[in-house]
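Asks: Model the structure of this input:
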Amino acid sequence: MISMTSLTDAIRPRGLRLTLIAAGLIAAGGCAAFGLRQPATAPQPLPTIDRPTPPPKAPARPDGSTLTDAQAQAALITQTDLGAPWTATGGAAHWRDGLLKATTSAGECQRLLDTLYTDELLGGPARVVIALDDDDHNAQLRYQIAARRPSDVDAALSWLKTMPDRCARFTATTQTRTQEDIKVTDTSLPQVGDARQGLRVSIDATTSDNEKYQLTLEVAAVRVGQDAFALTDGGLGDVANSTTQAAVQDGALRLADVRRQGRAQV
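Replies: A predicted model of the protein is given here:
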């Protein structure tokens, strides 16, 4: 006859085994609840969540810019930004050939004159450009997005910074023998972008018939990250620095906005 003690001892191990099995099932369920990886032998592995694929970067142009052609065009300021009396240009300003196409023996100052005449402040042709006229003051503003590597832009900016010292005052002669007395100084710019430089160039010209003209140019060049823009605001008589500052401020904001929209669309 089996005693109650023996029966209890026989049942206890089986109960313990059931308890351990149940604990194992609970542990497996806990692993699933916390998203832990099941053993490779699991008949139905849990699904995994892949990491989001980072957005592809826009391919860089040889000049380092990340702007598309359409974005570069959209980054130009317009007559709406400057307001009246600025309008779409009617063509190259007549004073460009008459007063900027000149020669000098003052070393680096010839390079400055050539740069002003060709409108290549950043050392190369513009990628896109817009010209606006102020007929009230016989003035023209040319604004361009550069097609230059950042290192080339910085080199051009460094050279422009030397002009108020190296070419503070010099003389030049045009093709029509007009004599010019030229002064170069720094001009004030808003603190925008990563690097910038502005110049004010005053040209007092006297023709062979003793007629006198005064041409004033305000120029600015700004690098914003991988991209850069430049402008020249010139006119007979005086030109307002406020126009230069407004164009630089608006240009930097527009360029930043175009870059931000480009990243959002990727």
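Asks: And stretch 140-152, what's buried?
Replies: Across stretch 140-152, burial judged by 16 or more other C-beta atoms under 10 Å covers 140-150, 152. The C-beta positions use only the backbone N, C-alpha and C, and glycine is treated the same way.
Asks: can you check stretch 191-210 too?
Replies: 192-193, 196-203, 205.
Asks: Tabulate these (TSV), appending secondary structure and pLDDT.
Replies: Formatted as TSV, the buried residues of stretch 191-210 follow (DSSP: H, G, I helix; E, B strand; the rest coil; pLDDT from 0 to 100):
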residue	secondary structure	pLDDT
Val192	coil	96
Gly193	coil	94
Arg196	strand	97
Gln197	strand	98
Gly198	strand	98
Leu199	strand	98
Arg200	strand	98
Val201	strand	98
Ser202	strand	98
Ile203	strand	98
Ala205	strand	98
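Asks: so Arg149 touches Leu122, yeah?
Replies: No. If you go by C-beta atoms under 8 Å, Arg149 and Leu122 don't touch, sitting 10.3 Å apart.
Asks: if we can go back for a sec, now the buried residues of stretch 191-210 as TSV including distance to Leu112?
Replies: Shown next, in TSV, are those (distance: C-beta to C-beta, whole Å):
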residue	distance to Leu112
Val192	24
Gly193	22
Arg196	18
Gln197	13
Gly198	14
Leu199	9
Arg200	13
Val201	8
Ser202	13
Ile203	11
Ala205	16
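Asks: out of these, who's nearest Lys161?
Replies: Gln197 (5.3 Å; C-beta to C-beta).
Asks: does the closest one really touch Leu157, like I thought?
Replies: Yes. Here Gln197 reaches Leu157: they are 4.8 Å apart, a contact under C-beta under 8 Å.
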